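Peer 1: Predicted model and sequence below, questions to follow.
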Amino acid sequence: MKTWSGLSFTEKVFKKMKAIILSILFVLSLAFIGCNDDDEILAVPEGINASDGTYIGTIFITWDLLPGVGTYQIVRRDPLTGEWVDVGLWGPPPYWDQGWMLPSNQIVPGQIYEYKCRAHKNGPGFSEYGDIETGYAFDADKVEITEISDQDGDNFLVWNDPNNESLLVNHTRTKYIIYRASELDLGNFNILDETEEQFYTDRWVEPEEIFYYKIAVRYYCMVSGSEIIYDFEAGDMVKGEGGGGTQLETISYTKTPLGNVNSLNGGIPFLELKISNGVPYLGVLKDFVANGSAAMYKLNGTIWEEAGGTLPGDISNGSLSGMAIATGNTNMYIAGLSSNDVFIYESNGTNWSTNLAQNNFGDADSPAGIDIEVMGDELYVAVEAYPDYDLKVLKWTGSDWATVGGDANGWIETGDLFNVGLSNLDGTLYLYYTVKNADFNHTLHIRHLNTSTWDSDLTWTADYIDDIHIARGNGKLYFMSSTQSFANYGGGIYEVTSPTTVETLADKEDDWFYTPMAITVDSEGNVIIASDKLESQTVHYPALSIWNGTSWKAVSGIFSDGMEPVALITSGTEIYYVYGDITSENATLDPTKLLSAKFSK
């Protein structure tokens, strides 16, 4: 018989049929296996729950266990991109999310994260995802130093931890980290020590050495069976005594936050407060870029409401370089100054009048500066004339302006003068201004109106007197100057003791005091000031202090949210304080938002 490749034809046919049969059997076996598993549909995991701030450094996630299912997939939504991110297959619950696949592989304390879960099993694969659940890790409030005192040349620190550790499931113990930096190197805070107490004595202080301190809380906690350390952000830095620094004793006041005032199109470089029948009124120069608009508000409960009705366009059109307000028993007034015109309007509380200051009071040019005040329900205006900077005071008669005091032409002072102001203090109208003698030498004049003449209360010469404000209480006259000398811009607070002398109450020699911003007097005769509190070369803010006739005390409260400009006024012993919101500072270093508060004993 003829053969091919050594095999008979019969053998070849047999081998080929055997291969075909084996292939068919293999396919049938796969089909049989597939039919068993494809019929199984995994249930969706239910009962997912993520912890809400009860765990440190992690989010504790649980869900209901499905019968026969030992593997689950957890996904987390990225809070920045919105995408769901697989954080891995996991066995039975719980799952401790410490931040895998997040920046630095860490959970951000207090950040809310979204989760969902699905089951997995070999064969049927994944189930559908269950419900979305949110959770977040504990975020500690900052620990703030409440007291620093000098104890025999050492700095004794006390702080307060506002966090409730009993609510933290995985908390094991707490320590406090004390950071310290030299006044000469405030950008370099180093760990000084750690303690489990909420007080500490720094014994490593040399005479005349100034240090700043801040405290951070460190929590020890259990995560996935291991103890980990979690450090939180330190609180604000506080200046130590340094073996010679002065820490004012604190006088307790209750701070009641009041309403806010916003500027939409620019900053707020100037504001002032007046009070009428116990109600504060606020004048604001806002929306300021190169010029701004004036606005006037009245405090209604805790809210600042626009006062007097809809303001005239001359006041609100953004063309002003300066403004002022005044209040009487029945009427209120607002003034604005532009490069070409001066505007003064009167309101009965509902409608504003026409401009009372027509034709720049008869002068060829608009004034270089003005201020307005009401006494006996009559309106007065101090005018600093341009271009010679001479001074006159006018009174509105109801139909025209009449000069008050001065020479035959109404001039009270001629020459190079500035800082012109009017104040009604205890029913007496005061006029103050500064005359420039030389580049950095000035004479301050304070006068009061006696019928039709201006009697002198003070004529005082010093270097670089500027930004004058006056106050009066218990028959005593006080004033502040923001710059008392060209070499040191600390300024000062003064009591007038004679027509030519003053007593310094605070100046650059007082290490707690720097740059006064506002001054007033309460019904008990206490002098209240807002002055810059210098925490460091870069951290400073206005704070309130009180002179009780013998010593200065610091008004209690947190003032680090503030910036210039500021304004103060009192009603009885209550202090009304308006100030810039430091978080709203714009490119021109002006706030675009004002905050306010009332301080009560």
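Peer 2: Yep, it's here.
Peer 1: Which stretches in the stretch 1-150 of the chain count as strands?
Peer 2: Per DSSP state E, counting those that start in this stretch, the stretch 1-150 of the chain carries strands over the ranges 49-50, 59-62, 71-77, 84-90, 95-97, 113-121, 125-126, 133-135, 144-151.
Peer 1: can you pull the buried residues of the longest one?
Peer 2: Within strand 113-121, the residues scored as buried using 16 or more other Cβ atoms under 10 Å are 113, 114, 115, 116, 117, 118, 119, 120, 121. For glycine as for every other residue, the C-beta is placed from the backbone atoms N, C-alpha and C.
Peer 1: so residue 111 touches residue 136, yeah?
Peer 2: Yes - with contact defined as Cβ atoms under 8 Å, residue 111 and residue 136 form a contacting pair (6.0 Å).
Peer 1: Dump the strands of the stretch 1-150 of the chain to JSON lines, plus distance to residue 159 and mean pLDDT.
Peer 2: Shown next, in JSON lines, are the strands of the stretch 1-150 of the chain (distance: least, Cβ to Cβ, whole Å; pLDDT from 0 to 100):
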{"stretch": "strand 49-50", "distance to residue 159": "32", "mean pLDDT": "97"}
{"stretch": "strand 59-62", "distance to residue 159": "29", "mean pLDDT": "95"}
{"stretch": "strand 71-77", "distance to residue 159": "35", "mean pLDDT": "95"}
{"stretch": "strand 84-90", "distance to residue 159": "37", "mean pLDDT": "88"}
{"stretch": "strand 95-97", "distance to residue 159": "31", "mean pLDDT": "92"}
{"stretch": "strand 113-121", "distance to residue 159": "31", "mean pLDDT": "95"}
{"stretch": "strand 125-126", "distance to residue 159": "51", "mean pLDDT": "90"}
{"stretch": "strand 133-135", "distance to residue 159": "30", "mean pLDDT": "97"}
{"stretch": "strand 144-151", "distance to residue 159": "5", "mean pLDDT": "89"}
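Peer 1: In JSON lines: the ones you listed, plus distance to residue 342.
Peer 2: Shown next, in JSON lines, are the strands of the stretch 1-150 of the chain (distance: least, Cβ to Cβ, whole Å):
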{"stretch": "strand 49-50", "distance to residue 342": "64"}
{"stretch": "strand 59-62", "distance to residue 342": "64"}
{"stretch": "strand 71-77", "distance to residue 342": "60"}
{"stretch": "strand 84-90", "distance to residue 342": "64"}
{"stretch": "strand 95-97", "distance to residue 342": "66"}
{"stretch": "strand 113-121", "distance to residue 342": "60"}
{"stretch": "strand 125-126", "distance to residue 342": "78"}
{"stretch": "strand 133-135", "distance to residue 342": "59"}
{"stretch": "strand 144-151", "distance to residue 342": "48"}
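Peer 1: hang on, the earlier thing: wait, which of the buried residues of strand 113-121 is closest to residue 184?
Peer 2: residue 113 (43.3 Å; Cβ to Cβ).
Peer 1: Could you list which residues are in contact with that closest one?
Peer 2: 50, 59, 76, 77, 79, 97, 107, 134, 135, 136 (Cβ atoms under 8 Å, 6 or more residues apart in numbering).
Peer 1: Can you select the buried ones among those for me in ChimeraX?
Peer 2: Selection of the buried residues among the contacts of residue 113 in ChimeraX, burial being defined by 16+ other Cβ under 10 Å:
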select :50,59,76,77,97,107,135,136
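Peer 1: and which of the contacts of residue 113 is nearest to residue 181?
Peer 2: For the contacts of residue 113, the residue nearest residue 181 by Cβ to Cβ is residue 107; the value is 29.6 Å.
Peer 1: all helices in the stretch 51-200 of the chain, in order from the N-terminus.
Peer 2: Along the stretch 51-200 of the chain, no segments are classed as helices by DSSP state H, counting those that start in this stretch.
Peer 1: Average pLDDT for the helix or strand harbouring residue 597, rounded please.
Peer 2: Element membership for residue 597 (DSSP states H and E) is strand 593-600. Per-region confidence: strand 593-600 scores 97 on mean pLDDT.
Peer 1: which regions of this structure sit below the pLDDT cut-off?
Peer 2: Within the chain, the stretches with pLDDT under 70 are 1-39, 152, 206-207, 242-247, 483-490, 509, 511, 534-538.
Peer 1: can you map out the helices along it?
Peer 2: Secondary structure of the chain, counting by DSSP state H: helices at 9-38, 313-316.
Peer 1: which other residues reach the last one?
Peer 2: When you say that, I think you mean helix 313-316. Applying Cβ under 8 Å, 6+ apart, the external contacts of helix 313-316 come out as 293, 294, 295, 323, 334, 336, 341, 343, 345, 355.
Peer 1: one step back: so what secondary structure elements neighbour the strand holding residue 597?
Peer 2: Counting contacts by 3 or more Cβ pairs under 8 Å, 6 or more residues apart in numbering; DSSP states H and E, strand 593-600 packs against strand 254-257, strand 261-262, strand 574-581.
Peer 1: Out of the strands of the stretch 1-150 of the chain, which is closest to residue 203?
Peer 2: Nearest to residue 203, of the strands of the stretch 1-150 of the chain and by Cβ to Cβ, is strand 144-151 at 9.4 Å.
Peer 1: May I see the buried residues of that closest one?
Peer 2: 144, 145, 148, 150.
Peer 1: my read: the first one touches residue 237, true?
Peer 2: Think residue 144. No - Residue 144 is not in contact with residue 237 according to Cβ under 8 Å; the separation is 10.2 Å.
Peer 1: picking that back up, and the angle from the strand holding residue 597 to strand 574-581?
Peer 2: Using axes from the mean of the first three to the mean of the last three Cα atoms, to 10 degrees, one finds that strand 593-600 and strand 574-581 are set 160 degrees apart in direction.
Peer 1: How far off centre is strand 593-600?
Peer 2: 12 Å (Cα atoms, centre = their mean, to the nearest Å).
Peer 1: How about stretch 171-190?
Peer 2: 23 Å.
Peer 1: Between the two ends of that stretch, how far is it?
Peer 2: Chord length of stretch 171-190, first to last residue, is 26 Å (Cα to Cα, to the nearest Å).
Peer 1: and what of stretch 577-596?
Peer 2: Separation of the first and last residues of stretch 577-596 by Cα to Cα is 6 Å.
Peer 1: in that stretch, what counts as buried?
Peer 2: Buried, per 16+ other Cβ under 10 Å, within stretch 577-596: 577-582, 584-585, 590-596.
Peer 1: Then stretch 68-87?
Peer 2: Buried, per 16+ other Cβ under 10 Å, within stretch 68-87: 69, 72, 73, 74, 75, 76, 77, 87.
Peer 1: Out of these, which comes closest to residue 213?
Peer 2: Nearest to residue 213 among the buried residues of stretch 68-87, with distances taken as Cβ to Cβ, is residue 76, at 38.5 Å.
Peer 1: roughly how far apart are that closest one and residue 321?
Peer 2: Remark: distance between residue 76 and residue 321 (Cβ to Cβ, to the nearest Å) = 55 Å.
Peer 1: How about residue 70: what's its closest non-neighbour residue?
Peer 2: Take residue 70 and drop its neighbours on the chain: the residue closest to it by Cβ to Cβ, 6 or more residues apart in numbering is residue 91, 6.0 Å away.
Peer 1: So what's the residue count around the residue nearest to residue 142 when sequence neighbours are not counted?
Peer 2: Residue nearest to residue 142 in three dimensions, not counting chain neighbours: residue 235, with 4.0 Å by Cβ to Cβ, 6+ apart. The local packing of residue 235 (other Cβ atoms under 10 Å) involves 21 other residues.
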